[in-house]
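Novice: dropping a prediction and its sequence here:
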Amino acid sequence: MTFDLSLYLVLDPDLCRKHTMVETTRAALRGGVTMVQLRDKTASTDAMIKVGHQLMAVLAGSGVPLIVNDNIDVALAINADGLHIGQDDMPASLARQKLGKDKILGLSVEDPTALRTADPALVDYIGLGPVFATSTKPGHKPAIGFDGLAHLARQSPLPSVAIGGLKQEHVGAVFAAGAQGLAVVSAICGQPDPELATRTLATAISAASAPPLSLSDQGE
């Protein structure tokens with residue numbers, strides 16, 4: 001299936017306490033989010049399945065895919081649009097075998113060695129980072145910064161999305177580095193108005209990713 005990495009929301013249950021993950025997703029959908037990931041490292045599989053079904057209902061017919069982080073059982077149970085795995089999770093070959101060929105498979109990449117494991121025959125996109133250290137994912141690998149992001153994005157054989165502490169003010173740098181989008185957590189989750197936060201990000205992304213105007217476009 002086709003997908004758009006430009007504004008990728010990664011849900012966080014702790015940040016979404018005021019607005020639940022379902023409410024946040026509904027608001028983000030109105031604001032222009034392009035992908036949503038269900039990530040909850042502490043919930044049971046049954047609890048994730050329950051929330052996953054609700055998220056699938058919210059996103060139904062929107063064209064915005066729901067990706068499940070790590071838990072293949074949840075992804076299969078809710079017929080999610082895809083799965084995102086890290087370097088320490090199940091091998092991409094096994095994930096692809098279980099998912100089938102028509103689902104989206106994402107892989108986290110932190111360095112050139114990990115990048116070489118991203119097989120375009122198995123994986124559809126890669127998540128590059130963390131660009132900055134972030135409290136939403138304890139124990140993450142060292143931050144790579146925008147220089148590291150650009151280095152990996154240039155070498156990547158697959159579309160890439162940047163992740164790790166990213167906010168609206170980083171949009172231009174993410175696209176300048178060569179990534180196709182940015183994954184955000186606290187820039188939407190936990191914001192007083194998640195719809196407005198999403199729309200503001202979407203507007204910045206549209207400006208940053210638009211091709212430069214030619215002289216003829218400018219009427220000169």
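Specialist: Done, it's in. Residues are numbered from 1 along each chain as shown.
Novice: buried residues in the worst-scoring helix or strand of the chain on mean pLDDT?
Specialist: Sorted by mean pLDDT, DSSP states H and E, the helices and strands of the chain end with helix 112-115, the least confident at a mean of 94. Residues of helix 112-115 classed as buried under the neighbour-count rule (16 or more other C-beta atoms under 10 Å) are Ala114, Leu115. Using the backbone N, CA and C atoms, a C-beta is placed for each residue, glycine as well.
Novice: identify the residues contacting it?
Specialist: Gln87, Ser108, Val109, Ile126, His151, Leu152, Gln155, Ser156 (C-beta atoms under 8 Å, 6 or more residues apart in numbering).
Novice: any idea how far it is from the chain center?
Specialist: 19 Å (C-alpha atoms, centre = their mean, to the nearest Å).
Novice: and for stretch 52-60?
Specialist: Distance of stretch 52-60 from the chain centroid (C-alpha atoms, centre = their mean) equals 17 Å.
Novice: now swap in stretch 19-32 and tell me
Specialist: Distance, stretch centre to chain centre, for stretch 19-32: 15 Å (C-alpha atoms, centre = their mean).
Novice: what do you get for stretch 154-164?
Specialist: For stretch 154-164, the distance to the chain centre is 11 Å (C-alpha atoms, centre = their mean).
Novice: now swap in stretch 72-81 and tell me
Specialist: For stretch 72-81, the distance to the chain centre is 17 Å (C-alpha atoms, centre = their mean).
Novice: using the three-state scheme, assign Leu9.
Specialist: Taking DSSP: H, G, I helix; E, B strand; the rest coil as the rule, one finds Leu9 in the strand state.
Novice: might you list the low-confidence residue ranges for the protein?
Specialist: The chain contains residues with pLDDT under 70 at 135-140, 211-220.
Novice: ok, which stretches of it are helices?
Specialist: Along the chain, counting by DSSP state H, helices occupy 21-31, 45-59, 72-77, 92-99, 112-115, 145-155, 171-176, 194-209.
Novice: can I get those in CSV with distance to Ala121?
Specialist: Listed next are those as CSV, based on distance: least, C-beta to C-beta, whole Å:
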stretch, distance to Ala121
helix 21-31, 31
helix 45-59, 27
helix 72-77, 19
helix 92-99, 8
helix 112-115, 15
helix 145-155, 18
helix 171-176, 27
helix 194-209, 27
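Novice: wait, which of those is closest to Pro65?
Specialist: Counting by C-beta to C-beta, Pro65 lies closest to helix 45-59 out of these; the figure is 7.6 Å.
Novice: packing partners of the closest one?
Specialist: Helices and strands in packing contact with helix 45-59 are listed as helix 21-31, strand 35-38, strand 66-69, helix 72-77; criterion 3 or more C-beta pairs under 8 Å, 6 or more residues apart in numbering; DSSP states H and E.
Novice: so which of those is the most packed in?
Specialist: Comparing those by mean neighbour count (mean count of other C-beta atoms under 10 Å), strand 35-38 comes out on top with a mean of 26.
Novice: show me how far that strand is from its chain's centre.
Specialist: On C-alpha atoms, centre = their mean, the centre of strand 35-38 falls 6 Å from that of its chain.
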